[in-house]
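Chemist: Sequence and predicted structure below; questions after.
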Number of protein chains: 2
Amino acid sequence: MSTKAPSIKDIAKIANVSITTVSFIINGKAVEKNISTAVIKRVEEIIIAQGYKPNQVARSLRTGNSKIIALMVEDISNPFFAGIARLIEEKAYKKGYKIIYSSTENDAARTNELIQLFKSRQVDAYIISPVQGTEKIIQELSDEKKPVVLFDRYLPSISANYVGVDHFKASYDATAGFANLNQKHIALVTVDLEVEQITDRHAGYQQALADHHLTYREELVLKVPFNQPREETIAQLVELFKTNVTIDAVLFATNYLAISGLSALRSINKVVNDSFRVIAYDDGDVFKLHSPQISAVSQPLEEIADQIISLLFLQLSSTTAVPPEKIILPAKLIIR
Amino acid sequence: MSTKAPSIKDIAKIANVSITTVSFIINGKAVEKNISTAVIKRVEEIIIAQGYKPNQVARSLRTGNSKIIALMVEDISNPFFAGIARLIEEKAYKKGYKIIYSSTENDAARTNELIQLFKSRQVDAYIISPVQGTEKIIQELSDEKKPVVLFDRYLPSISANYVGVDHFKASYDATAGFANLNQKHIALVTVDLEVEQITDRHAGYQQALADHHLTYREELVLKVPFNQPREETIAQLVELFKTNVTIDAVLFATNYLAISGLSALRSINKVVNDSFRVIAYDDGDVFKLHSPQISAVSQPLEEIADQIISLLFLQLSSTTAVPPEKIILPAKLIIR
DNA sequence: CTGAAAGCGCTTACAG
DNA sequence: CTGAAAGCGCTTACAG
């Protein structure tokens, strides 16, 4: 069938012009280069007739850029990240950029490898929810003047753009909400990662307790190991609720912990109601459709995506270095 | 900081050998080409010391391949696709391939554009959940001997590999299950797409009704427009349940329709129980945690991903044309 | 055992 | 107004 795609050389030969001329026309520099309208028209017709598409690989090799943006997140199948990815793809697409997604799986070695790979493919810019242990390579990107926007996770040692959510406040507000409803024994279920994004949620909880004259009790804070199988997490949660029967409210610091939590509660026939309240982090259908509906801390996906894209294009379009910004957006507490 | 990445030329110069020699060493052809161990060792050390990484763009331009596989799905934030994507990425990665994901948004023009773009970037292979109206370009890929595996959606006019699920049987079994439990007025909520994957679900429902001596009634089948805002879908569903109070079972033909359905039922205080049963397509946390738990048709993600990858690498590794296969996997009916 | 050279398909500074 | 030529960083057939 179709033997081989036509190259710029083929087009030039058919049109009886040089490849320079064809190149100028392809790149919209025809007018600027004073190419006659007749030639432009003829070449354009031939391009269409031959179905010529410039080889982007050759173009990348020559120009050093690729019109590709890498998006690296912990797990693309997490609804929070999938939602962000979708929004970013749409916005980038409109500006002529494509997105390559990747899951880091919270693994620094893997992330390093992936970034190496992207560099070797001339990726133009990076959007990263970073893992600890990747500070060095990310700093390198930044030093090489590659536009980088970090989001979700903050790495204090890196000077790069960051877009995130005020987790301290979100967690504070959720906990304070419990306290104002007169809950006395508020538990926190979180993950055992020492990253600001998570430790802030812990700090917010702790501060809200203090401000409402409730004592912070170690036994009411469960730190679940990251990447632990769900069954084990559920078992730990059952244990938590069984040994601390006074608990009358729980803040789950992540989406999947809340889901495990609801499973655990169901398995011990514990009902969510006025004397046992629950707030989940990151809203979703599962919380809206639960009986009763579960309150949630909702991160503003659209705003996060908007900020990321505008910071990225600010860098991409500017010739001089742009000082990095740290943008913190408020989460929304949805009480149901 | 780091000024410029070293090229093969730099390595050759430092090592005092030709770039040919360096290239052979990089590509593991050193032994085959009888390069002395001393030279190999020296060059390898220099490569590490300089942090040399071959430029993949140059390599692609020269070799015509890219070690990249495109994965095109309707919407990457749909848990079914996100799950498949995650599994495929993992498997491909182990074989040295990277995945580029894209959401087609069920838009043929967009899909065409994306495929053009991937072609111009020398993408090696394609995994596509295809949209109607893309038959021509997909057939072209296939004709150009690019490995292609279609999944989820079947396009009868294309001769390409396909991996899917037996939706007729899944839908038949679900409906028959209702009938065996003595439900008499079984509704079907589906989407108005005329694609085999969806029409099969309708046909399975219809056949099961016939086999159980239940009359097929138009008014119990709701075909929701694709891409309709969720609120409207919910309104339509409320209407369906209100005007047909005899309905005692509903099969939802997609994940998101089931979620809208549960919202609708909640809004009219209709409870799921023995006299109003529900089965959802594609399982998820939302169904497991619903009260009561919702039964579901579960597509075998892992098997689907496995089959896709093995069909793809079969083509990628074979020099001769491989006749296309159509693999149909059984879904699992999870009764709760 | 190793190297010089062509060429993949582009872009662009330079020349006329 | 248009073209010849260099060069981006590789791989590989060919030569010795």
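Modeler: Cool, the structure landed.
Chemist: partners of the helix or strand of chain A with the lowest mean pLDDT in the sheet?
Modeler: Lowest on mean pLDDT, DSSP states H and E among the helices and strands of chain A sits strand A:98-103, with a mean of 86. Sheet pairing here is set by DSSP bridges, and for strand A:98-103 it gives strand A:68-73 (parallel).
Chemist: Now do the strand it pairs with: distance to the chain's middle.
Modeler: 9 Å (CA atoms, centre = their mean, to the nearest Å).
Chemist: Just give me the neighbour total for the residue in the stretch 101-250 of chain A that chain B sits nearest to.
Modeler: Residue of the stretch 101-250 of chain A nearest chain B, by CB to the nearest CB: A:Asp143 (3.8 Å). Backbone N, C-alpha and C define where each C-beta goes, glycine included. A count of nearby residues for A:Asp143, using other CB atoms under 10 Å in any protein chain shown, gives 11.
Chemist: So what's the gap between the least confident helix or strand of chain A and the chain middle?
Modeler: That offset, for strand A:98-103, works out to 11 Å (CA atoms, centre = their mean).
Chemist: got the contact list for it?
Modeler: A:67-77, A:85, A:88-89, A:92-93, A:114, A:118, A:123, B:76, B:86, B:89, B:98-102, B:117 (CB atoms under 8 Å, 6 or more residues apart in numbering or on different chains).
Chemist: again, 6 Å this time
Modeler: For strand A:98-103, contacts defined as CB atoms under 6 Å, 6 or more residues apart in numbering or on different chains pick out A:68-72, A:75-76, A:85, A:89, A:92, A:114, B:100-101.
Chemist: Now do the SS call for the residue nearest to A:Val238 when sequence neighbours are not counted.
Modeler: Spatial nearest neighbour of A:Val238, chain neighbours left out: A:Ala264 (4.9 Å); criterion: CB to CB, 6 or more residues apart in numbering or on different chains. The three-state label given to A:Ala264 by DSSP: H, G, I helix; E, B strand; the rest coil is helix.
Chemist: Tell me how many other residues surround A:Ala264.
Modeler: 21.
Chemist: ok, now how distant is it from DNA strand D?
Modeler: The gap separating A:Ala264 from DNA strand D is 53 Å, by CB to the nearest atom of the strand, to the nearest Å.
Chemist: so that residue makes contact with A:Leu240?
Modeler: No. In this structure A:Ala264 lies outside contact range of A:Leu240 using CB atoms under 6 Å: 8.1 Å.
Chemist: Wait, a helix at A:Gln139?
Modeler: Yes. Checked against three-state DSSP, A:Gln139 lies within a helix.
Chemist: sorry, back to before: extract the C-alpha set from the least confident helix or strand of chain A and format it as PDB.
Modeler: The C-alpha trace of strand A:98-103 is given here as PDB (Å, rounded to 0.1, in the frame of the first residue of the first chain):
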ATOM      1  CA  LYS A  98       1.300  17.100  23.700                       C
ATOM      2  CA  ILE A  99       1.500  15.500  27.100                       C
ATOM      3  CA  ILE A 100       3.400  12.300  28.000                       C
ATOM      4  CA  TYR A 101       2.100  10.900  31.300                       C
ATOM      5  CA  SER A 102       4.000   8.600  33.600                       C
ATOM      6  CA  SER A 103       3.400   7.000  37.000                       C
END
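Chemist: Check which element follows that strand along the chain.
Modeler: Scanning forward in sequence from strand A:98-103 by DSSP states H and E, the next helix or strand is helix A:108-120.
Chemist: How confident is the prediction for the residue of the stretch 101-250 of chain A closest to chain B, by pLDDT?
Modeler: Per-residue pLDDT puts A:Asp143 at 84.
Chemist: relative to helix B:108-120, how tilted is the least confident helix or strand of chain A?
Modeler: Relative orientation of strand A:98-103 versus helix B:108-120 (axes from the mean of the first three to the mean of the last three CA atoms, to 10 degrees): 80 degrees.
Chemist: Get me the contact residues on the stretch 1-150 of chain A for chain B.
Modeler: A:1, A:53, A:55-58, A:60-61, A:76-77, A:82-83, A:86, A:100-101, A:116, A:120-122, A:143 (CB under 6 Å from any CB of the partner chain).
Chemist: The residue of the stretch 151-300 of chain A found nearest DNA strand D and DNA strand C, how far apart?
Modeler: Residue of the stretch 151-300 of chain A nearest DNA strand D, by CB to the nearest atom of the strand: A:Ala160 (24.8 Å). Per CB to the nearest atom of the strand, A:Ala160 is found 27 Å from DNA strand C.
Chemist: residues contacting whichever residue of the stretch 101-250 of chain A sits closest to DNA strand D?
Modeler: Across the stretch 101-250 of chain A, the shortest distance to DNA strand D (CB to the nearest atom of the strand) belongs to A:Ser120, at 7.9 Å. Counting by CB under 6 Å, 6+ apart, A:Ser120 makes contact with B:Lys53, B:Asn55, B:Gln56.
Chemist: among the residues you listed, which are in reach of DNA strand C?
Modeler: Among the contacts of A:Ser120, not one lies near DNA strand C by CB under 7 Å from any atom of the strand.
Chemist: List just the nearest of the contacts of strand A:98-103 to B:Ala15.
Modeler: Compare each of the contacts of strand A:98-103 with B:Ala15 using CB to CB and the shortest gap goes to A:Leu114, at 28.4 Å.
Chemist: Need the nearest residue in space to the closest one, chain neighbours excluded.
Modeler: Sequence neighbours aside, A:Ser102 is the residue nearest to A:Leu114 in space, at 5.3 Å (criterion: CB to CB, 6+ apart).
Chemist: For the stretch 201-336 of chain A, what lies in contact range of chain B?
Modeler: When proximity is defined as CB under 6 Å from any CB, the stretch 201-336 of chain A approaches chain B at A:Ile259, A:Leu262, A:Asp285, A:Val286, A:Leu289, A:His290, A:Ser291.
Chemist: Let's see that with 8 Å instead.
Modeler: Residues of the stretch 201-336 of chain A lying close to chain B by CB under 8 Å from any CB of the partner chain are A:Ile259, A:Leu262, A:Ser263, A:Arg266, A:Gly284, A:Asp285, A:Val286, A:Lys288, A:Leu289, A:His290, A:Ser291.
Chemist: Buried only: go through those for me.
Modeler: Among these, those classed as buried by neighbour count (16 or more other CB atoms under 10 Å in any protein chain shown) are A:Ile259, A:Leu262, A:Ser263, A:Arg266, A:Gly284, A:Asp285, A:Val286, A:Lys288, A:Leu289, A:His290.
Chemist: Can you lay out these as a markdown table showing distance to B:Asn16 and pLDDT?
Modeler: What follows is these, written out as a markdown table (distance: CB to CB, whole Å; pLDDT from 0 to 100):
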| residue | distance to B:Asn16 | pLDDT |
| --- | --- | --- |
| A:Ile259 | 61 | 95 |
| A:Leu262 | 66 | 96 |
| A:Ser263 | 65 | 95 |
| A:Arg266 | 70 | 94 |
| A:Gly284 | 61 | 89 |
| A:Asp285 | 64 | 90 |
| A:Val286 | 64 | 92 |
| A:Lys288 | 68 | 93 |
| A:Leu289 | 69 | 92 |
| A:His290 | 70 | 92 |
